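**Q** sharing a model that was predicted from the sequence below.
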Amino acid sequence: MKLLEGKKGIIFGALDEQSIAWITAIRAVEEGAEIVLSNTAMAVRMGKVTELAKQLNTEVIPADATDVKDLEKVFEKAQEILGGKLDFVLHSIGMSPNVRKGKPYDDLNYTFMNQTLDISALSFHKMMHVAKKMDAINEWGSIVGLTYIAAQRIYAGYDDMADAKSLLESIARSFGYVYGRDKNVRVNTISQSPTVTKAGSGVKGLTQLADFAAKMSPLGNASAEDCANYALTLFSDLTRKITMQNLFNDGGFSSMGMSDIVSDEILAEMKPETDN
Ligand SMILES: NC(=O)c1ccc[n+]([C@@H]2O[C@H](COP(=O)([O-])OP(=O)(O)OC[C@H]3O[C@@H](n4cnc5c(N)ncnc54)[C@H](O)[C@@H]3O)[C@@H](O)[C@H]2O)c1
């Protein structure tokens with residue numbers, strides 16, 4: 001469709017083929033965009049993002065998204081490589097050392113928790129702070145972060161990532177106001193279905209969560225590709241007045257209370273007891 005013809009952007013967070021950012025990068029280029037990639041120096045060394053950059057005929061700029069100086073380099077270099085200001089940015093970054101180490105919510109390590117909030121939420125603020133200060137984004141540009149419904153409701157095992165996602169969504173609203181008011185730049189979050197990726201697999205019970213969500217959602221779970229496609233519409237000119245929103249890409253899950261499938265399963269489990 002060439003939805004992004006003539007647009008330039010930065011995609012943060014492509015680690016491997018399963019990453020939502022990886023698929024978004026490929027789809028953005030297919031839609032006519034020019035992009036650069038960014039991930040941590042460690043991910044660049046150990047991961048496959050350099051392969052993706054070769055495949056897409058672009059470059060990876062290593063950066064720790066919690067480090068403002070690193071982010072300044074990314075926005076400076078991206079504009080150099082792409083030859084001008086940017087039109088879109090994808091923040092596809094999340095990590096909780098507490099989740100990784102299986103620390104329960106009532107026994108969190110606070111050093112880890114600060115890292116969770118910094119990596120998964122404050123980095124979104126830092127990114128926009130840097131971009132706005134450098135005036136790196138064109139008018140009607142679009143910034144998208146990725147989130148999960150655990151920001152609003154409890155999903156056992158999501159731990160301090162739930163707090164980070166609440167903060168991320170709040171930052172999207174707060175910065176969306178300021179960036180919209182001053183520069184006509186949009187800021188939104190996409191709240192995505194459980195998806196099998198490196199970050200997703202860190203969450204205890206992801207398989208059960210994905211299975212439950214699929215049974216509850218009339219359209220089934222949204223895949224990483226569905227998420228990439230939704231992000232592209234938000235980068236495009238078709239959504240110029242959408243900002244400060246948390247947008248669900250979840251097959252209808254967020255509006256459900258009970259589905260026929262789950263109800264029937266519970267009934268089937270109860271039957272032996274009733275029969276006795
Ligand atoms: N997978 C899911 O079920 C799911 C559901 C809803 C939302 N999300 C969100 O989608 C986003 C992308 O995750 P994913 O599922 O594609 O997993 P992923 O593991 O492929 O991506 C996470 C990325 O964050 C990067 N990262 C970690 N620390 C960083 C730092 N300090 N600086 C820069 N980058 C850093 C990693 O290197 C990795 O590339 C995350 O925000 C995640 O929370 C995922």
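**A** Happy to help now that I have it.

**Q** going by C-alpha atoms from here, please, whenever you check contacts or count neighbours.
**A** Noted.

**Q** for A213, helix, strand, or coil?
**A** helix (DSSP: H, G, I helix; E, B strand; the rest coil).

**Q** how close does it sit to the ligand?
**A** Here the criterion is Cα to the nearest ligand atom, to the nearest Å. By it, A213 lies 11 Å from the ligand.

**Q** wait, A43 sits on F12?
**A** No: assessed by Cα atoms under 8 Å, A43 is found out of contact with F12, at 11.3 Å.

**Q** all helices of the protein, in order?
**A** Remark: helices assigned in the chain by DSSP state H are 20-30, 41-46, 49-55, 68-82, 97-100, 110-117, 123-133, 160-183, 198-201, 206-216, 224-235, 260-275.

**Q** tabulate those (JSON lines), appending mean neighbour count.
**A** Listed next are the helices of the chain as JSON lines, based on neighbours: other Cα atoms under 10 Å:
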{"stretch": "helix 20-30", "mean neighbour count": "23"}
{"stretch": "helix 41-46", "mean neighbour count": "14"}
{"stretch": "helix 49-55", "mean neighbour count": "17"}
{"stretch": "helix 68-82", "mean neighbour count": "18"}
{"stretch": "helix 97-100", "mean neighbour count": "20"}
{"stretch": "helix 110-117", "mean neighbour count": "17"}
{"stretch": "helix 123-133", "mean neighbour count": "19"}
{"stretch": "helix 160-183", "mean neighbour count": "20"}
{"stretch": "helix 198-201", "mean neighbour count": "15"}
{"stretch": "helix 206-216", "mean neighbour count": "18"}
{"stretch": "helix 224-235", "mean neighbour count": "21"}
{"stretch": "helix 260-275", "mean neighbour count": "11"}
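
**Q** could I get those as a markdown table with mean pLDDT?
**A** Below are the helices of the chain laid out as a markdown table (pLDDT from 0 to 100):
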| stretch | mean pLDDT |
| --- | --- |
| helix 20-30 | 98 |
| helix 41-46 | 94 |
| helix 49-55 | 97 |
| helix 68-82 | 98 |
| helix 97-100 | 96 |
| helix 110-117 | 98 |
| helix 123-133 | 98 |
| helix 160-183 | 98 |
| helix 198-201 | 83 |
| helix 206-216 | 95 |
| helix 224-235 | 98 |
| helix 260-275 | 86 |
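
**Q** for those, which one sits closest to E139?
**A** helix 160-183 (5.8 Å; Cα to Cα).

**Q** elements contacting that closest one?
**A** helix 97-100, helix 110-117, helix 123-133, strand 137-147, strand 186-192 (3 or more Cα pairs under 8 Å, 6 or more residues apart in numbering; DSSP states H and E).

**Q** mind running it again at 7 Å?
**A** helix 110-117, strand 186-192 (3 or more Cα pairs under 7 Å, 6 or more residues apart in numbering; DSSP states H and E).

**Q** out of the ones you listed, flag the one nearest the ligand.
**A** Among those, the nearest to the ligand by Cα to the nearest ligand atom is strand 186-192 (4.3 Å).

**Q** and the contacts of the closest one?
**A** Contacts with strand 186-192, where a contact means Cα atoms under 7 Å, 6 or more residues apart in numbering, come from 140-149, 169, 172, 176, 180, 222, 227, 242-250.

**Q** hmm, 6 Å instead?
**A** 142-148, 172, 176, 180, 243-250 (Cα atoms under 6 Å, 6 or more residues apart in numbering).

**Q** swap in stretch 64-75?
**A** T40, A63, I119, S123.
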